[in-house]
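Colleague: missing the sequence, but the structure's below:
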C-alpha cells in the first residue's frame, strides 16, 4: 500500500522486467477502462504484486495482451497484459486509495486530500457495491487503526496486526479453499509493510512528537524484527505452493521489499559522512 | 519503581491525550537515538516506556517495589498464567500479567509466550530478549528466544543471497519516478 512491495529490477532479466512492467501496464489500462483516466494516477506496484500472486494461485490465463501507447508513454509502444484478477486488483486499488485520501484529510485537514477523495467517491461507491463485505471490513479496520493511533498504543503488534488484517482481506479473493492461506499471507505481508513504514518514519516522528509505535522499541532491533516479520510472511507464502511467476514473486519478497529501507540507510550514511 | 505518573510528569486524572503527549515529549528528550546512544538515555527511555505501559494497562501502583524482587505478587499469579497458557487461553494469561507491576525475568518469559500465542510477534521477541538479558543462564529463556527468532534468520540468509542494491543512486531516482507515475523510462 505504500509502494514497498515492488521488484528489485537489478536482479530481473529482460524478459521478467518486460513481463512485470506489462502486468503493471495492464493494471493501469484496466483501471482506466473501468474507472476513468483519473484513477490511473493512483496506481503503484503493490497491486501488481497482488495480480501476480492471485493469478498464480488461481492459475488464471491472460485474457488480453497487446501493445499500446498511452499518456505516460506517448512515444513508443509497450507491452501490457491483463486477466480477471487484474480487474479485481484495480477495484481494490480504488478502495484503498479512497480510504487513503480520507485518512490524509482527517490527519492533516488537507483540502487537496478532501478534494481528491471527492473525485474518487463515485468510483469508490461503485466498487463498494460490488464488494460490500470487503469495503465494509476495510472501513472498520481503518477506523480501528485510527483509534489505536489516537490512543497512542505503543505495542507495535496491535496496529501492525490491524493493518495486516486489511491486506489479508484483500488477498482473500474468493470464498474457497485458498481463502484462509491467502488471508494469512496477506496479513503477514501487511504487518511487515506497516512496521517498515513506522521504522522508516521513526526518527522524523520522534522529533515531531507524532505517533509511532516503534518508538518504545530500541532501534538496533528494527532490522531483526523486520526480518522476523518477513520470515513469517515467506512461511505463509510457501504454503501457497506457487509455481507460476515464482522467480519474480520471490524477487519481490526476498529483495524488493527492502529497497526503500536500503535507500534510506544509504542516504543516512551519506549525510553522516558529510 | 517510581510512580509512573511522576515519571511522565502528569496528574493522576490526566486524559489519554495528555498522557500520550507527555510520553512523546519525553521520548524526544530522552531517546538514545537523539542522544548519541547515551547509556543513561537508554535507562531513562526504558523507565519511560514502563511507566507509560503501566498507566495504559491500568497496572496498580502500590508504592515501593524493587525491580525483580519477588514478594510483590503471589506465586499463584504465575501458576494461573502458566495454566492459561497451557490451555491456549493467552488473553487471560496476558490479563493477569498486565496486572503485575513488577517485571522479573520470569514475567518477561511468560509474557513472551503469551504474546506469541496471540500473534504479537514483536512484543514476544522483545520480551523474550528481556528475559534472556535479565537471566542469561536460563536455558529455557534462551530456547524460546531462539524459536522466536529462527524464522527471521532463515529468511535473512535467503534474502542476502539475492544481493542488495548495487547502484543506489540510480535506484533512488528510478524508485521515485516509479511511485510518482507509471514511468519506466530508460
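Modeller: Structure's in. What do you need? Just so you know, these numbers come straight off a predicted model, no measurement behind them.

Colleague: so what's the residue count around residue B:158?
Modeller: 16 (other C-beta atoms under 10 Å in any protein chain shown). No exception for glycine: its C-beta is placed from N, CA and C like everyone else's.

Colleague: that one contacts residue A:255, correct?
Modeller: No: Residue B:158 is beyond contact range of residue A:255, at 9.7 Å (criterion: C-beta atoms under 8 Å).

Colleague: which elements pack onto the longest helix seen in chain B?
Modeller: Looking across chain B with DSSP state H, the single longest helix is helix B:139-162. Counting contacts by 3 or more C-beta pairs under 8 Å, 6 or more residues apart in numbering or on different chains; DSSP states H and E, helix B:139-162 packs against helix A:222-238, helix A:246-254, helix B:105-117, helix B:121-134.

Colleague: with distance to residue B:89, mean neighbour count and mean pLDDT added, can I get those helices in JSON lines?
Modeller: Formatted as JSON lines, those follow (distance: least, C-beta to C-beta, whole Å; neighbours: other C-beta atoms under 10 Å in any protein chain shown; pLDDT from 0 to 100):
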{"stretch": "helix A:222-238", "distance to residue B:89": "23", "mean neighbour count": "20", "mean pLDDT": "96"}
{"stretch": "helix A:246-254", "distance to residue B:89": "34", "mean neighbour count": "19", "mean pLDDT": "96"}
{"stretch": "helix B:105-117", "distance to residue B:89": "9", "mean neighbour count": "22", "mean pLDDT": "96"}
{"stretch": "helix B:121-134", "distance to residue B:89": "16", "mean neighbour count": "22", "mean pLDDT": "95"}
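
Colleague: for those helices, which one sits closest to residue A:261?
Modeller: When those are compared by C-beta to C-beta, helix A:222-238 sits nearest residue A:261, at 7.4 Å.

Colleague: and the closest one with chain B, contact?
Modeller: Yes: with C-beta under 8 Å from any C-beta of the partner chain as the criterion, chain B is reached by helix A:222-238 at A:224-225, A:227-232, A:234-235.

Colleague: ok, now stretch A:165-176?
Modeller: No: judged by C-beta under 8 Å from any C-beta, stretch A:165-176 stays clear of chain B, getting no closer than 10.5 Å.

Colleague: any low-confidence regions in chain B?
Modeller: Across chain B, the ranges flagged by pLDDT under 70 are B:1, B:59-74, B:164-186.

Colleague: mind redoing it with 80?
Modeller: B:1-2, B:57-75, B:101-102, B:163-186 (pLDDT under 80).

Colleague: hang on, residue A:67 in a strand?
Modeller: Yes: counting by DSSP: H, G, I helix; E, B strand; the rest coil, residue A:67 falls inside a strand.

Colleague: before we move on, the earlier item: residues in contact with the longest helix of chain B?
Modeller: A:8, A:11, A:224-225, A:227-232, A:234-235, A:251, A:254-255, A:258, B:105, B:109, B:112-113, B:116, B:121, B:124-125, B:128-129, B:131-132, B:135-136 (C-beta atoms under 8 Å, 6 or more residues apart in numbering or on different chains).

Colleague: would you state the helices of the stretch 51-200 of chain A in chain order?
Modeller: Secondary structure of the stretch 51-200 of chain A (DSSP state H, counting those that start in this stretch): helices at A:84-108, A:111-130, A:132-151, A:157-171, A:179-207.

Colleague: comparing these, which stretch has the densest surroundings?
Modeller: Ranked by mean neighbour count, the helices of the stretch 51-200 of chain A are led by helix A:157-171 with a mean of 25 (mean count of other C-beta atoms under 10 Å in any protein chain shown).

Colleague: need the mean per-residue confidence for that one.
Modeller: Per-residue pLDDT over helix A:157-171 has a mean of 96.

Colleague: who's in contact with it?
Modeller: A:1, A:50, A:53-54, A:92, A:95-96, A:134, A:137-138, A:141-142, A:144-145, A:148-149, A:153, A:182-191, A:193-195, A:213, A:229, B:115, B:119-123.

Colleague: any idea of the angle that helix forms with helix A:222-238?
Modeller: 30 degrees (axes from the mean of the first three to the mean of the last three C-alpha atoms, to 10 degrees).

Colleague: now helix A:157-171, how far from the centre of its chain.
Modeller: Relative to its parent chain, helix A:157-171 has a centroid offset of 12 Å by C-alpha atoms, centre = their mean, to the nearest Å.

Colleague: again with stretch A:30-49
Modeller: Using C-alpha atoms, centre = their mean, the offset of stretch A:30-49 from its chain centre is 13 Å.

Colleague: in it, what's buried?
Modeller: A:30-32, A:34-35, A:39-40, A:42-49 (16 or more other C-beta atoms under 10 Å in any protein chain shown).

Colleague: list just the nearest of those residues to chain B.
Modeller: residue A:44 (5.7 Å; C-beta to the nearest C-beta).

Colleague: count of neighbours near the residue nearest to that closest one when sequence neighbours are not counted?
Modeller: Leaving out its chain neighbours, the residue that sits closest to residue A:44 by C-beta to C-beta, 6 or more residues apart in numbering or on different chains is residue A:3, at 4.6 Å. With neighbours defined by other C-beta under 10 Å, the count for residue A:3 comes to 16.

Colleague: you'd agree residue A:3 is in a helix?
Modeller: No: Residue A:3: not assigned to a helix; according to three-state DSSP it is coil.

Colleague: quick check, it in contact with residue A:42.
Modeller: No: judged on C-beta under 8 Å, residue A:3 makes no contact with residue A:42 at a distance of 11.4 Å.

Colleague: show me what contacts residue A:31?
Modeller: A:39-40, A:42-43, A:90, A:93-94.
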